[in-house]
Structures are given as structure tokens and as C-alpha cells.
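Undergrad: sequence unknown, structure follows:
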Ligand code: FCB
């Protein structure tokens, strides 16, 4: 068999989950789930509840043979128990009929994190009773659907549900107790075992569970898996592997907890919840293990490190970021880990049938009139499929591959800003559009494998033929000559983009004596901040400069070594100009680059006054407008959630806020957040409430911080905006999707990109140019 094709009968499909796509949360008798309560985002999401026929049709068009979906427990048992809600069951009945009618095999997951709120109110997963209710629920749905659904998965990723939900509190229900997290994990496992038993008794053909399996390794092992770790590092790796992987694999597949785990559980609240006989129930044989793989966990020993609340017992372990390519979510892209983990499961559990039940990536898509171009997603999936193919060759028994996911959707606590779909969803109109990755995946499914050879590199001739012009015209366009009409230029650039044509730099610079190349230098944005803006600006700047005939060289400035390489590249005149973004900690690089004499432009005001022109938004003016709006609404005790004070943007927003308060003769209440994540915003808000309990308004330096603040306010029982009005900054996608929708200050992304591109182009033409500061506009919504 060639390495590109898959075994006959290999199953291809996608996975989704109920809460993330269904919407329709309060009709036909559905009760609230813990995610309805916890989410600050709009829960209507893709309205799949009403649009499922269209979604099934899309899957059919893509030729998918398998579909894993989850059922919403509170749709079936709105109060957690009693008689099942017939209307809820009817929905899944219709869905399954639709799937079967389209020739798509249904894989049903019983629990993908949306516990009925009624059961949470009675103790949730830390209470043993929830496991018993879960088995009743399994029996009820099987009774209705068992004639058409052959394969049942009990739980999805119990580690996430237990430890992020009950330990770290960053997922619903938002509790923060290590003891409760361990008890929740055990009761989920018990619920799994009881459900397996109930399903088997009812005659289910196949039963399994879906686990998130993350290979754990040291930083050095990411690129060199065979590398030996020091004893301390190996011990750190083993501890995390036990918590995340073995805590679930071994009870289910061997009927016992790992020995090393017991003292850890004992230390955190004891083992009283583990009753005699539980592990026998949990360890009943299963038919299929679902494996969700996204990224490895990278750790090393660090004696001073406190435990991470998601990993109780991880004292002395440092979670590391590694210099690899990452998705927009910041998850490292390491496809080889998929082969490794399948190899491990095959070795440790011989004979066990596996299925990849989730794998996929969040990237910022380029949405244009002619399609959604998501090359990054295509290469992500392609590389993982190659890794999967290698694992099959090495003997892994894998039934199929289900991509995460069909539709862009509500990505839990990250809301709508995350895009994992093969299909783009416009949440204002609910229009679905296939992304390039969907079309590419359709071809993979059709040929049962990857294309043998990469497509031929397009040439000048191919571009000319596609655009319907001569070779000379194409050449003039890509060399940036101005003698071509805008229409012809657009047609040629469209063909260039569609075909992925890369002009031959060397040959071209011989003719033009210029490289016509522009270096787009990305300094790594901080964890949790600025990445979405950066990604959007990169895309706009790239297409604008390409439209002007420039060839873009993307360079990553993440280490001192990479800074040296970039400076050397520019000094060697391999670029005519440089766009540098974001400015965060990139000042020194900007100065060094400007000394090369090559034009440089910056996104964002640099920390120290500089000769390099930049494009920025009026952060101080926007913050003042936000604050004045709160004052006009009669608020008098206005706090601010700030963000790290060494960020120039944060400093400017704080200055604008202070100035507005001072004009009104009021005093500021400030709480800096450690970074720009939602959880940092929630933490700062809690401190603010503790210091100034009578606060009636909050301005947050970014929307992410504001969303975190809204969560903390909700936890504290304060209503937004009745008790406390909230305003954010940035107007990210998620802002309009919060409940209530967030009032914020819009940062014009496209205008910034346009200004950057123009600034660079004028500098390339030798014109003297000064920095540009664009206005930021207040967008008033319900939160203030
Ligand atoms: C997995 C979840 C899934 C989705 C992806 C991105 O952990 O099972 O619902 O959120 O991550």
C-alpha cells in the first residue's frame, strides 16, 4: 500500500457537540445546562436544532460516512431525572433518521459537558448520585435510538470536564476544589461504567469512551522524541501523564487506578468516594476507544513551582511553551505526537480498537467574496493524517478519523472567536459556506487518502492562462509595475492567489534590481493578548501588499537568534521594506532594523519615542470616550481592570480613563491583571470588588478582560448592567455575542492594516511619512 492511501473501509467523518452547535436552549422543554449558566456568550450558536437537515446535507456533499454528535442531557431530562422529555428525544430521532437517510453512520456521545443545571444544583459530578442518573439517561436514549445507533460513546474528555470544571474553575460549573475535581472524575468514570452496563443490557452493539490523550514530554523531546530526560524531568513528565492520561485509561481498560495516583487523591480530600466494587464497574470491557488529539503537554521539573489548579499534585512542575508553530489558540502543532500516542496505546493495550474522534485546529480564516481560504487548517489536518498513516503502518488498529469540526461554533469559554470548522458560519445570518479545507477534505475522503504527490508548482504560463492575459502582463503585475490597469491587476492577483503562484525571486530581482520583497516580521504576542488583532492585520497587510505586487516574506521574531537572522536578512537587502508587528517588546528590533536604512513601519506605538513611523489607534481617546459614556449613564464609582502595565496600549488606555475621571472630579479604582486573558480579567475584577464593593461601573482595557470581569461579577451575584455597567475595548467578535452584549471601543482592524500598507508603500517610494493615529469609536450595546 502506498503511504498516501488508507485501508479499505477506513471511516471518515466529523465530530460536533450539542451545546456548541444546537442553540434552541429554551424550547421544546429543554432545561438549562451548566454551560447555559456559565457561558457569557450567546448560546444560540449555529441553530443546528432547526438547521440539522442542511447540516446533514453538507456532510453528504462532502462524502462523509461517519458523524459523531452528542446529545444534550437537559433536553432529555430537563430536571435531571423523572420521565424523559419526549420532545427532546424527538429531535435526536429526527436527526438520526436524517443521517441514516443520507448514508451517514451515527456515533452518539452521551456526555459532552452539558450537565443539567438541576443536577449541578443537587451536587453535580462530585456527588455519586449524578453517576446513577447518567445511567438512567443512557438507558432512556438507547431505548429510543438503539435500533439505528450502533455505537455509543459514554463521556467526552472527562479530564477536561472534571479538572477544568471543578478544579481550575475555568469551565462550567466553575468550581475550584481539587477534592471535588477528583471526586467528579471518579463519578464520571463510575457513570461511564454504569452506562456501559445499562447499554449492554439493552442490547447496544458497541460501547466506548472518548478520552483526550495528550502525550507529555520535556521541551527537548518535542523535536527529538528519543531524547533522554533528566531524572527530575522524567518524574515531572510521569506525574502529569498519570493525572491526564493514566487516571482515565487504566480504570477503564485495566480496572484499577495507577498506584502512584492514589496518594495524590488521598492528599486532596481522601478516597472516601471510591467504593468497593466501583472499579469493577468502571473496568468493564469496551469495544472502542475514542482518541481526541490536539497538542502535547510540555513540562519540566522546577522545584519552586506551585501546583497548577487543573493538575492537583503538580507542585514542582513547570508547564512550558515551546518554540514550535502554533495554532491561533496558541496550541503547539506537533503531528508526530499523534503517531507516538497511537503507538503507545497499541503497545500498552494490544487488540484495543481505536478511533480518532477529534483532531483539528483554530486558525483565523481569510474570508473573501470568492471563498474562505484556510490553508493553515488544510496543512494541519494533512500533517496529522500523514502521522496517522504512519501509525497504521506500525500496526495501530484505527477505525477512522473524525475531524473537529463541521461548523464554526461556540468554543466553550473562548466563545465565537475560535474557528475550528471546515464550514464557515456567519452568525448574523446563519449562512454556511464551505471553506477550502472542507473541499480538500472531500477529496481526501473520495480517494480514501492523501494526494500522492503535491500538486505541481504553478508557472507564469499557468497564471497567464487562468487570468486570460499574456505572460508579459503577469510579469509586469508581479513586478509591481504601474503600467497595468487596476482591473487587469486584480484578475492577475486573483489567479496568483488561487494557484498559489510564487514568483521566482532571484530571476525577478535581476530584472528589476529590487527584490520587491517585503519582510513581515511578527514578534510573538503575549499569551492571551493581541493575537487576534495581529492575525487579522497580518492577513490584510499581506493581501494589500501582494495586491501591490510585493512578495511577502513572513519572519518570526521570537528569540535573540531570530532577531539576528532578521537583521542579517534585511542588511543583505533581501527585503525592500519591513512591516513589524506587534510592538510589544519589539522596540530594540525596530531600532536595529531602522539603522539598516531599509524602510520600516510598526504596528502600534513603540515604548520609547522612535524615528520609526507607526500606525496606532487613539487608545487614550477611546478610553476617555468609554469612561465618559459610563459617567453620562449616571455611574459614579467607576473601576478599571487594567492589564499588564508595561504594555503601551494599556498605559494609554489607563491615561485616557484617568483623564476623563479627573475632569469629572472623580477618583479611579484600579486593578491590574497579570495578562490579557479572561481569567486574568476575572481575577482582577474579584480584587476590585473586594477593594471597592460599591462599584457601579467597570472599564476594562480589553474585551477579553471585560468578559472575564463579567464572569466574576456574575459569580458575585451582581447584575450587568443593573448593578455594574461594563465597557471593554477592541470590539472583538466575541463582544457582541456576550450576554448582555458588551459595550466596547472599536479598533479599526482593516483601517490599521490599510494605513500600515500605505505607509510602507509611500516609504518605499522614498516619501517622507509620519505616524498615523486612527480614531477609535465607542460601540454602545446592552452592558452599559
Ligand atoms: C476538545 C473538545 C471540543 C472542542 C475542541 C477544540 O477538547 O472536546 O468540544 O472544544 O476541544
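TA: Here it is on my side, so go on. Predicted model, so just to flag it, every value in this text is computed and none were measured. Residues are numbered from 1 along each chain as shown.
Undergrad: Can you list the buried residues in the helix or strand hosting residue 234?
TA: Element membership for residue 234 (DSSP states H and E) is helix 231-241. Neighbour counts over helix 231-241 (16 or more other CB atoms under 10 Å) mark 233, 236-237, 239-241 as buried. In this view, the C-beta of every residue, glycine as well, is placed from N, C-alpha and C.
Undergrad: Closest to the ligand out of the residues you listed?
TA: Ranked by distance to the ligand (CB to the nearest ligand atom), the buried residues of helix 231-241 are led by residue 240 at 16.8 Å.
Undergrad: Determine the set of other helices and strands touching the helix or strand following the helix holding residue 234.
TA: Moving toward the C-terminus from helix 231-241, the first helix or strand encountered (DSSP H and E) is helix 247-254. Packed against helix 247-254, as judged by 3 or more CB pairs under 8 Å, 6 or more residues apart in numbering; DSSP states H and E, are the following elements: helix 158-159, helix 178-201, strand 206-212, helix 278-282.
Undergrad: again, 10 Å this time
TA: strand 151-156, helix 158-159, helix 178-201, strand 206-212, helix 261-267, helix 278-282, strand 288-292, helix 336-348 (3 or more CB pairs under 10 Å, 6 or more residues apart in numbering; DSSP states H and E).
Undergrad: Dump the ones you listed into a markdown table; add mean neighbour count, distance to residue 416 and mean pLDDT as well.
TA: Below are the helices and strands packed on helix 247-254 laid out as a markdown table (neighbours: other CB atoms under 10 Å; distance: least, CB to CB, whole Å; pLDDT from 0 to 100):
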| stretch | mean neighbour count | distance to residue 416 | mean pLDDT |
| --- | --- | --- | --- |
| strand 151-156 | 26 | 21 | 98 |
| helix 158-159 | 26 | 25 | 98 |
| helix 178-201 | 24 | 27 | 98 |
| strand 206-212 | 24 | 22 | 98 |
| helix 261-267 | 16 | 37 | 98 |
| helix 278-282 | 20 | 36 | 98 |
| strand 288-292 | 22 | 21 | 98 |
| helix 336-348 | 19 | 28 | 97 |
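Undergrad: Tabulate these in JSON lines, adding columns for distance to the ligand.
TA: Shown next, in JSON lines, are these (distance: least, CB to the nearest ligand atom, whole Å):
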{"stretch": "strand 151-156", "distance to the ligand": "5"}
{"stretch": "helix 158-159", "distance to the ligand": "9"}
{"stretch": "helix 178-201", "distance to the ligand": "14"}
{"stretch": "strand 206-212", "distance to the ligand": "6"}
{"stretch": "helix 261-267", "distance to the ligand": "22"}
{"stretch": "helix 278-282", "distance to the ligand": "21"}
{"stretch": "strand 288-292", "distance to the ligand": "6"}
{"stretch": "helix 336-348", "distance to the ligand": "15"}
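Undergrad: With distance to residue 642 as extra columns, can I get the ones you listed in TSV?
TA: Formatted as TSV, the helices and strands packed on helix 247-254 follow (distance: least, CB to CB, whole Å):
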stretch	distance to residue 642
strand 151-156	37
helix 158-159	33
helix 178-201	30
strand 206-212	34
helix 261-267	37
helix 278-282	47
strand 288-292	36
helix 336-348	38
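Undergrad: so which of these comes closest to residue 615?
TA: helix 336-348 (39.0 Å; CB to CB).
Undergrad: Kindly calculate the angle that that closest one makes with strand 206-212.
TA: Following axes from the mean of the first three to the mean of the last three CA atoms, to 10 degrees, one obtains 130 degrees for the angle between helix 336-348 and strand 206-212.
Undergrad: How far does helix 336-348 sit from its chain's centre?
TA: 24 Å (CA atoms, centre = their mean, to the nearest Å).
Undergrad: what does the stretch 101-250 of the chain have sitting close to the ligand?
TA: 156-157, 160, 212 (CB under 6 Å from any ligand atom).
Undergrad: go again using 5 Å as the cut-off
TA: Those residues of the stretch 101-250 of the chain that sit near the ligand, judged by CB under 5 Å from any ligand atom, are residue 157.
Undergrad: Any stretches of the stretch 101-250 of the chain with poor pLDDT?
TA: Low-confidence segments of the stretch 101-250 of the chain (pLDDT under 70): none present.
Undergrad: In this structure, where is pLDDT below threshold?
TA: 1-3, 453-458, 479-482, 500-514, 524-532, 583-586, 609.
Undergrad: Spell out which parts of it neighbour the ligand.
TA: So the chain meets the ligand at 17, 157 (CB under 5 Å from any ligand atom).
Undergrad: Let me know the helix or strand that the residue nearest to the spatial centre of the chain is in.
TA: Nearest to the mean C-alpha position of the chain, counting by CA atoms, centre = their mean, stands residue 329 at 4.1 Å. In the assignment (DSSP H and E), residue 329 maps to no helix and no strand.
Undergrad: three-state assignment of the nearest residue to it once chain neighbours are set aside?
TA: Closest residue to residue 329 in three dimensions, ignoring its sequence neighbours and counting by CB to CB, 6 or more residues apart in numbering: residue 362, at 4.5 Å. Using DSSP: H, G, I helix; E, B strand; the rest coil, the structure places residue 362 in coil.
Undergrad: Could you measure from residue 362 over to residue 378?
TA: 14 Å (CB to CB, to the nearest Å).
Undergrad: okay, these two: which has more neighbours?
TA: residue 362 (23 against 20; other CB atoms under 10 Å).
Undergrad: is it true that that one touches residue 415?
TA: No - if you go by CB atoms under 10 Å, residue 362 and residue 415 don't touch, sitting 11.8 Å apart.
Undergrad: where's the residue nearest to the centre of the chain relative to residue 43, distance?
TA: 21 Å.
Undergrad: same thing with residue 647?
TA: Distance from residue 647 to residue 43, by CB to CB: 32 Å.
Undergrad: who's more crowded, the two?
TA: More neighbours surround residue 647 than the other of residue 647 and residue 43, with 25 against 19 (other CB under 10 Å).
Undergrad: Now that one. Its backbone dihedrals?
TA: For residue 647, the backbone dihedrals (degrees, to the nearest 10) come out as phi -90, psi 130.
Undergrad: again with residue 431
TA: According to degrees, to the nearest 10, residue 431 has phi -70, psi 130.
Undergrad: Distance of it relative to residue 539?
TA: On the measure of CB to CB, residue 431 and residue 539 end up 21 Å apart.
Undergrad: more crowded one of those two?
TA: residue 539 (19 against 9).
Undergrad: Touching, the more buried one and residue 374? I think so.
TA: No - assessed by CB under 10 Å, residue 539 is found out of contact with residue 374, at 11.2 Å.
Undergrad: intersection of neighbour lists for the two?
TA: Counting by CB atoms under 10 Å, 6 or more residues apart in numbering, the shared contacts of residue 539 and residue 374 are 364-367.
Undergrad: Out of those residues, which sit inside strands?
TA: 366-367 (DSSP state E).
Undergrad: Scan the shared contacts of residue 539 and residue 374 and report the most crowded one.
TA: residue 365 (23 neighbours).
Undergrad: Pretty sure that one sits against residue 435.
TA: Yes - the pair residue 365 / residue 435 is scored as a contact, 6.3 Å apart, by CB under 10 Å.
Undergrad: Mutual contacts of these two, please.
TA: By CB under 10 Å, 6+ apart, the residues touching both residue 365 and residue 435 are 371-374, 377, 408, 419, 421, 424.
Undergrad: From those residues, pick the one nearest residue 770.
TA: Once CB to CB is applied, the member of the shared contacts of residue 365 and residue 435 that ends up nearest residue 770 is residue 373, at 34.3 Å.
Undergrad: Now the phi/psi pair for the closest one, please.
TA: Per degrees, to the nearest 10, the backbone of residue 373 is at phi -100, psi 100.
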